[in-house]
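[1] Fold the following for me, if possible:
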Amino acid sequence: MNKQTGFTLIELVAVLVILALLGAMAVPRFVDVQTEALTAAQNGSSNAVKSAHAMAIAALKRYPTVTELGDYVGGPAVTPVAGGIQVTIDGTAYTVPTYTDVTCGSQTTAVGDTVACVGNI
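    The predicted structure is shown next:
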């Protein structure tokens, strides 16, 4: 006799439902990972500028200008701009703000301004 073997329609539908549920649970996790990665990159860039600021003060024995600070940060994705240091993360430009006073109250307005404090993106 010809007994056919294989999966029934109900079994196939059950597998598809299970896969859909697993996919629905996994997608939000990947969205969160992308956001967390961007936040980590922004924090890393801010901390790199802060470290460069400390190195510039040690080397120059004074507060650096925005342009000098940009040189200490270095890299092709870093540009000194009025108001801070512009860094490019994944094709998008973000500005790490720089300030002329140690309380981080007065933002720099030109690349020749002295940087006494560095903020966060």
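
[2] Quick check: chain neighbours aside, which residue is closest to A48?
    The spatially closest residue to A48, leaving aside those adjacent along the chain, is V73, at 6.1 Å (CB to CB, 6 or more residues apart in numbering). Yep, even glycine has a C-beta here, placed from its N, CA and C like the rest.

[3] contacting residues for that neighbour?
    Counting by CB atoms under 8 Å, 6 or more residues apart in numbering, V73 makes contact with A48, V49, A52, I85, V87.

[4] between the residues you listed, which is closest to L19?
    The closest of those to L19 turns out to be V87 (CB to CB; 40.8 Å).

[5] can you map out the strands along this protein?
    78-81, 84-89, 92-99, 117-118 (DSSP state E).

[6] could you redo those strands as JSON lines and give each row mean pLDDT and mean neighbour count?
    Below are these laid out as JSON lines (pLDDT from 0 to 100; neighbours: other CB atoms under 10 Å):
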{"stretch": "strand 78-81", "mean pLDDT": "92", "mean neighbour count": "19"}
{"stretch": "strand 84-89", "mean pLDDT": "93", "mean neighbour count": "21"}
{"stretch": "strand 92-99", "mean pLDDT": "94", "mean neighbour count": "18"}
{"stretch": "strand 117-118", "mean pLDDT": "94", "mean neighbour count": "20"}
